[in-house]
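Colleague: sequence and predicted structure below; questions after.
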Amino acid sequence: MSHKIRVAIIGVGNCASSLVQGVFYYKNAKETDFIPGVMHVNLGGYHISDIEFTAGFDIDKNKVGKDLSEAIFTPPNNTTKFCDVPYLNVKVYRGMTHDGLGKYLSQIIQKAPGPTADIVGILKETKTDVVINFLPVGSEEATKWYVEQVLDAGCAFINCIPVFIASEKYWQKRFEAKKLPIIGDDVKSQVGATILHRTLVNLYLDRGMPIDRTYQLNTGGNTDFLNMLERERLHSKKISKTNAVVSQIRARGLDIAPENVHIGPSDYVPWQKDNKICFIRIESRHFGDVPTYLDVRLSVEDSPNSAGVVIDAIRCAKLALDNGIGGALIGPSAYFMKTPPKQFTDTEAKELTEKFIATYGKKKPIVPPKKRKVAKK
């Protein structure tokens with residue numbers, strides 16, 4: 001059982017950039033510090049600084065072959081730079097394409113030459129514990145191909161995109177059989193469009209008001225929004241985002257007609273870069289069936305908004321590995337992801353995740369690297 005968590009990243013885009021930056025930004029955090037978007041500085045005995053990166057996988061010729069510390073700041077990545085990242089001696093390898101490069105992305109990204117790297121061999125050689133999937137939306141075949149490599153290599157898997165792996169019985173059983181944990185599917189941001197929409201829906205329902213109609217429209221200027229201009233790639237994304245909200249209504253024994261719900265990306269606005277703007281509308285009724293309408297506008301930097309969530313997911317996955325737990329992690333998946341194997345309210349999901357951490361975490365407190373004392377000889 002290692003005190004470090006060795007992590008490989010599939011898809012070295014904006015989300016990978018924010019994740020790597022975040023690990024270094026908070027590497028000296030004290031356990032008593034309040035870190036935006038992170039449950040605990042010490043989560044189950046693992047400090048944020050215990051995360052180490054082992055490999056990156058991408059197909060962009062401008063990223064493949066570079067050190068991860070350089071690739072995360074290479075265009076078309078355009079998220080905010082909030083931390084300098086030192087040279088990591090972590091290579092970005094040529095990954096598998098399959099359906100990972102869509103019609104619009106292929107206009108700005110050129111595939112790196114050469115064959116796909118030996119993914120299984122690299123993961124084993126680098127002693128990787130956890131693999132994170134940050135592939136573009138719609139990369140269904142590519143994701144499934146990578147999942148097979150992860151299973152063969154014996155790693156935990158965190159699926160941050162809307163391809164249904166952790167939420168499918170077939171894949172759950174595959175991970176259970178290998179005693180490997182999986183957290184998924186489709187990462188839920190710290191305070192993003194989906195979590196805000198879910199919270200507002202639950203507020204209405206808690207106050208005895210029905211949801212007659214609702215929509216969520218999003219615009220952004222990162223490669224994710226460019227990729228989603230290809231509407232046929234949006235099927236799983238729309239299912240994931242819609243179910244994350246509608247599940248809260250159905251959990252109360254209520255329902256809403258499909259034509260009265262619209263949740264999904266709206267348009268690509270290049271100058272927004274990694275900033276996402278979300279518009280939410282809820283139509284409901286007061287006592288006496290008197291109508292009421294709510295309109296909300298949220299502006300967030302998209303990739304940092306989920307990086308803290310992924311840091312917590314990584315540490316929960318490592319706790320499961322340490323304890324020999326395989327298959328989908330129900331509580332962490334429900335709290336960190338839009339489409340988990342089982343939906344709960346966010347309050348319930350957080351309680352389940354805290355219980356998971358308390359049950360499987362190390363009991364001995366940790367000290368950030370800066371504070372560790374060296375024994376005198």
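Modeller: Ah, there it is. Numbering: from 1, shown residues only.
Colleague: export stretch 88-103 as PDB, just CAs?
Modeller: C-alpha atoms of stretch 88-103 as PDB (Å, rounded to 0.1, in the frame of the first residue of the first chain):
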ATOM      1  CA  LEU A  88       7.400  16.600 -14.100                       C
ATOM      2  CA  ASN A  89       9.300  14.200 -16.300                       C
ATOM      3  CA  VAL A  90       5.900  12.700 -17.200                       C
ATOM      4  CA  LYS A  91       5.500  12.100 -20.900                       C
ATOM      5  CA  VAL A  92       2.400  12.500 -23.000                       C
ATOM      6  CA  TYR A  93       2.100   9.400 -25.200                       C
ATOM      7  CA  ARG A  94       0.300   8.800 -28.400                       C
ATOM      8  CA  GLY A  95      -3.200   7.600 -27.500                       C
ATOM      9  CA  MET A  96      -5.900   5.800 -29.500                       C
ATOM     10  CA  THR A  97      -8.200   7.900 -31.700                       C
ATOM     11  CA  HIS A  98     -11.300   5.800 -32.600                       C
ATOM     12  CA  ASP A  99     -14.200   8.200 -32.300                       C
ATOM     13  CA  GLY A 100     -12.300  10.700 -30.100                       C
ATOM     14  CA  LEU A 101     -11.700  13.200 -32.900                       C
ATOM     15  CA  GLY A 102     -14.900  14.600 -34.300                       C
ATOM     16  CA  LYS A 103     -15.700  16.700 -37.300                       C
END
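Colleague: now do it: distance to the chain's middle.
Modeller: Computed by C-alpha atoms, centre = their mean, to the nearest Å, the separation of stretch 88-103 from the middle of its chain amounts to 18 Å.
Colleague: list the buried ones in that stretch?
Modeller: 88, 90-102 (16 or more other C-beta atoms under 10 Å). Backbone N, C-alpha and C define where each C-beta goes, glycine included.
Colleague: quick one: which of those sit in helices?
Modeller: Under the assignment DSSP state H, those contribute nothing to helices.
Colleague: so which of these are in strands?
Modeller: Among these, the members falling in strands are Val92, Tyr93, Arg94 (criterion: DSSP state E).
Colleague: right, and the first one touches Lys63 too?
Modeller: Yes - counting by C-beta atoms under 8 Å, Val92 touches Lys63, with 5.2 Å between them.
Colleague: mean confidence (pLDDT) on stretch 146-159, please.
Modeller: For stretch 146-159, the mean pLDDT works out to 98.
Colleague: now do the end-to-end distance for it.
Modeller: The separation between the terminal residues of stretch 146-159, taken as C-alpha to C-alpha, to the nearest Å, is 11 Å.
Colleague: run through who's touching that stretch.
Modeller: Residues from elsewhere that reach stretch 146-159 (C-beta atoms under 8 Å, 6 or more residues apart in numbering): 8, 10, 57, 95-96, 119-120, 123-124, 128-133, 135, 143, 165-166, 171, 174-175, 178, 180-186, 310, 313-314, 317-318, 320-321, 337.
Colleague: among those residues, name the buried ones.
Modeller: Restricting the contacts of stretch 146-159 to buried positions leaves 8, 10, 57, 95-96, 119-120, 123, 128-133, 135, 143, 165-166, 171, 174-175, 180-186, 310, 313-314, 317-318, 320-321, 337, with burial counted as 16+ other C-beta under 10 Å.
Colleague: look through the protein and tell me its longest helix.
Modeller: The chain, longest helix under DSSP H: helix 304-322.
Colleague: one step back: which ones among the buried ones among the contacts of stretch 146-159 are found in strands?
Modeller: Filtering the buried ones among the contacts of stretch 146-159 for strands - DSSP E - leaves Ala8, Ile10, Phe57, Val130, Val131, Ile132, Asn133, Pro181, Ile182, Ile183.
Colleague: taking the residues you listed, tell me the two that lie furthest apart.
Modeller: The distance between the two most remote of these (C-beta to C-beta) is 20.2 Å, for Phe57 and Pro181.
Colleague: what about the strands in the stretch 151-300 of the chain?
Modeller: Taking DSSP state E, counting those that start in this stretch, the strands of the stretch 151-300 of the chain run over residues 156-159, 181-183, 213-220, 261-268, 275-285, 291-301.
Colleague: could you single out the most deeply buried of these?
Modeller: strand 181-183 (a mean of 30; mean count of other C-beta atoms under 10 Å).
Colleague: give the pairing partners of that one; include direction for each.
Modeller: Using DSSP bridges, the strands paired with strand 181-183 are strand 156-159 (parallel), strand 327-328 (parallel).
Colleague: what comes into contact with the shortest one?
Modeller: I take that to be strand 327-328. Ala166, Ser167, Gln172, Lys173, Phe175, Glu176, Pro181, Ile182, Ile183, Gly184, Pro340, Pro341.
Colleague: let's see that with 7 Å instead.
Modeller: Ala166, Gln172, Phe175, Glu176, Pro181, Ile182, Pro341 (C-beta atoms under 7 Å, 6 or more residues apart in numbering).
Colleague: thanks again, I'm all set now.
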